[in-house]
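Q: Got a predicted structure here, sequence first:
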Amino acid sequence: MKMKRKKKVLQVPKLESLKQINPNAAGVDVGASELYVCVPEDRDPRPVRVFQTFTSDLHEIAAWLKRCRVTSVAMESTGIYWIPLYEVLEEAGFEVKLVNAREAKNMPGRKSDILDCQWIQQLHSYGLLTASFRPPKDIVALRSLVRHRDRLIVARAVHIQHMQKALHLMNLQLDNVLSDITGVTGMRILRALVAGERNLDTLASYRDPSCKSSAQVIRESLKGNYQEEHLFPLRQSLELYDYHTTMIQQCDREIEQKYRALPSRVDLQRKPLPPSKKQQKKPRKNAPTFDLRSRLYEMAGVDLTAIDGCNAATIQVVLSETGVDMEPWRTCGHFTSWMCLAPHNDISGGKVLRSRAKKTKNRANTALRLAAQALTHSDSWLGAYYRRQRARLGAPKAIIATAHKIARIIYYMLKYQREFVDLGANHYEAQYRKRQINSLTKKAASLGLLLVPAKA
């Protein structure tokens, strides 16, 4: 006789109805010329109002929300139009949450007969929206200037291309014999050209002693057709290059003042900045005009430039985006996930179908990937790690994996105020060899074999 199987009785927990977490919540739909604001229906006869984007209207929104006893406001990140309202509401004492528009859009259950601000207010009242990270005010100010400086450098590079084009139209092959026409030799020759100098021997005499090309080669490269219709754009491009250089220097002075205003996390008298262990090369053309490494050390409390592959410019980009306080990220995994360096797994049926890093325009992400790529020939632990990952996964994935490793190092250094110690490439290779031996030993034991080391 067949035994009857007992039916398994599941103890299903009782589902509770969705409760409002933020009863004093408001939602804002941000636009370029109009702002739609929604408050709870029991707070005002007209719970949805439309405001203009003038400053007086922004303060009127804050006053109306206070009369409606609103304490928390959610808004979507729409371009840059949300920033003025965000700052006014934050200054007025409201808890302001900047929400990723993708989260609100992908949330199911929306009706077609309600406005965006009503939908945002409803989701925020039930606690279904997550606030995006926004640094403190002093870091936001620093970030704005750092981004502006990068835009100035990009704009100046365009005028370098215009100068190269003008030279080629006159068949002057100066950029083919000089590694950089904006170097010492190139700038001397260009300024003499726009001033009217045409003697090739005189132009070649402006060669700097450190230039690899000889004076004769430079002289030959300057033979061409000096036509006025090409000299005129060359002259204007050079003037624009000088103008942007002046603007970058002024921006550096403003950035240095922002660093001085930031609170210092280290006493330089008791704990001075240790000398750099990296080889000192000549300063780069786009390097700041002040001691950036010392300012970053005062700001962070630790020397982040000691990390292999990371120079002062890289660390400035990262800290201007994240700040030095790691409390907004509960764990290191949250930090690397915010930077889109952690793997994003597509899971179906309990199986990982695909694992990859999300695409992003995060400037800190880009800076760390460039730092990882610079470790190709580095005789360091991180350099050995990058080369091993590149051999196993390929260059693109190895760059992301190494950038992820650098991000973890930065997180722990800032959170626990610990200095970076490079163990060297040999230490990594010894660790890798030990892991391989342990893996082979376990595999041999699973097959009933014994791994015996060969005699020397």
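A: Thanks, I have it.
Q: Tell me the buried residues in stretch 334-348?
A: 335-343 (16 or more other C-beta atoms under 10 Å). In this view, the C-beta of every residue, glycine as well, is placed from N, C-alpha and C.
Q: closest to Asp267 among those?
A: Phe335 (26.8 Å; C-beta to C-beta).
Q: which residues sit against whatever helix or strand Tyr297 lives in?
A: Tyr297 is part of helix 292-300, with elements assigned from DSSP states H and E. With contact meaning C-beta atoms under 8 Å, 6 or more residues apart in numbering, helix 292-300 is reached by 256, 259-260, 262, 264-266, 268, 273, 276, 303-305, 312-313, 315-316, 319, 324, 413-414.
Q: ok, back up a step: now, the buried residues of stretch 334-348 that are in strands?
A: Among the buried residues of stretch 334-348, no residue falls in strands (DSSP state E).
Q: can I get those in TSV with distance to Asp208 and pLDDT?
A: Converted to TSV, the buried residues of stretch 334-348 look like this (distance: C-beta to C-beta, whole Å; pLDDT from 0 to 100):
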residue	distance to Asp208	pLDDT
Phe335	45	95
Thr336	45	94
Ser337	48	92
Trp338	46	93
Met339	41	93
Cys340	43	91
Leu341	42	92
Ala342	47	87
Pro343	49	82
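Q: Make a markdown table from those residues and add distance to Lys397 to it.
A: Below are these laid out as a markdown table (distance: C-beta to C-beta, whole Å):
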| residue | distance to Lys397 |
| --- | --- |
| Phe335 | 20 |
| Thr336 | 15 |
| Ser337 | 17 |
| Trp338 | 20 |
| Met339 | 16 |
| Cys340 | 14 |
| Leu341 | 12 |
| Ala342 | 13 |
| Pro343 | 10 |
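Q: before we move on, the earlier item: output the helix holding Tyr297 as CSV, nothing but the C-alphas.
A: The C-alpha trace of helix 292-300 is given here as CSV (Å, rounded to 0.1, in the frame of the first residue of the first chain):
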residue,chain,number,x,y,z
LEU,A,292,47.6,70.5,-3.8
ARG,A,293,49.0,67.5,-2.1
SER,A,294,49.4,69.3,1.2
ARG,A,295,45.9,70.7,1.0
LEU,A,296,44.4,67.2,0.3
TYR,A,297,46.4,65.8,3.3
GLU,A,298,44.9,68.5,5.6
MET,A,299,41.5,67.9,4.3
ALA,A,300,41.5,64.0,4.5
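Q: Output the below-cut-off pLDDT ranges for the stretch 301-450 of the chain.
A: Applying pLDDT under 70 to the stretch 301-450 of the chain picks out residues 347-349, 353.
Q: Helices of that one, start to end?
A: Using DSSP state H, counting those that start in this stretch, the helices of the stretch 301-450 of the chain run over residues 312-322, 332-338, 363-373, 381-393, 395-416, 425-446.
Q: so which of these gets nearest Leu234?
A: Across the helices of the stretch 301-450 of the chain, closest to Leu234 is helix 312-322 (C-beta to C-beta), at 29.7 Å.
Q: how about the helices of the stretch 301-450 of the chain in a markdown table, adding distance to Ala357?
A: Supplementary listing: the helices of the stretch 301-450 of the chain in a markdown table, determined by distance: least, C-beta to C-beta, whole Å:
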| stretch | distance to Ala357 |
| --- | --- |
| helix 312-322 | 17 |
| helix 332-338 | 10 |
| helix 363-373 | 9 |
| helix 381-393 | 12 |
| helix 395-416 | 5 |
| helix 425-446 | 23 |
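Q: among the ones you listed, which is nearest Glu239?
A: helix 312-322 (26.7 Å).
Q: and that closest one, what does it pack onto?
A: For helix 312-322, the packing partners by 3 or more C-beta pairs under 8 Å, 6 or more residues apart in numbering; DSSP states H and E come out as helix 137-169, helix 292-300, helix 363-373.
Q: that older thread, closest one of the buried residues of stretch 334-348 to His59?
A: So of the buried residues of stretch 334-348, ranked by how close each gets to His59 (C-beta to C-beta), first place is Trp338, at 32.4 Å.
Q: what number of residues lie near the closest residue to Arg156 other than its chain neighbours?
A: Excluding the flanking residues, the one nearest Arg156 by C-beta to C-beta, 6 or more residues apart in numbering is His244, at 3.8 Å. Counted with other C-beta atoms under 10 Å, residues neighbouring His244 total 19.
Q: same deal with Asp44?
A: Neighbours of Asp44 using other C-beta under 10 Å come to 16.
Q: Contacts only, for it.
A: 64, 67-68.
Q: Helices - which of those residues land there?
A: 64, 67 (DSSP state H).
Q: Which members of the contacts of Asp44 are classed as buried?
A: Looks like those have 64, 68 buried, using 16+ other C-beta under 10 Å.
Q: before we move on, the earlier item: distance of the residue nearest to Arg156 from Ser213?
A: 27 Å (C-beta to C-beta, to the nearest Å).
Q: and of the buried residues of stretch 334-348, the nearest to Cys38?
A: Trp338 (28.8 Å).
Q: Please verify my assumption that that closest one contacts Arg134.
A: No. The criterion here is C-beta atoms under 8 Å, and Trp338 misses it with Arg134 at 11.9 Å.
Q: Show me this protein divided up by domain.
A: Domain assignment of the chain by automatic domain parsing yields the ranges 25-125, 139-261, 298-425.
Q: Can you check the distance spanned by the second one, start to finish?
A: Read that as domain 139-261. Domain 139-261 stretches 11 Å from its first residue to its last (C-alpha to C-alpha, to the nearest Å).
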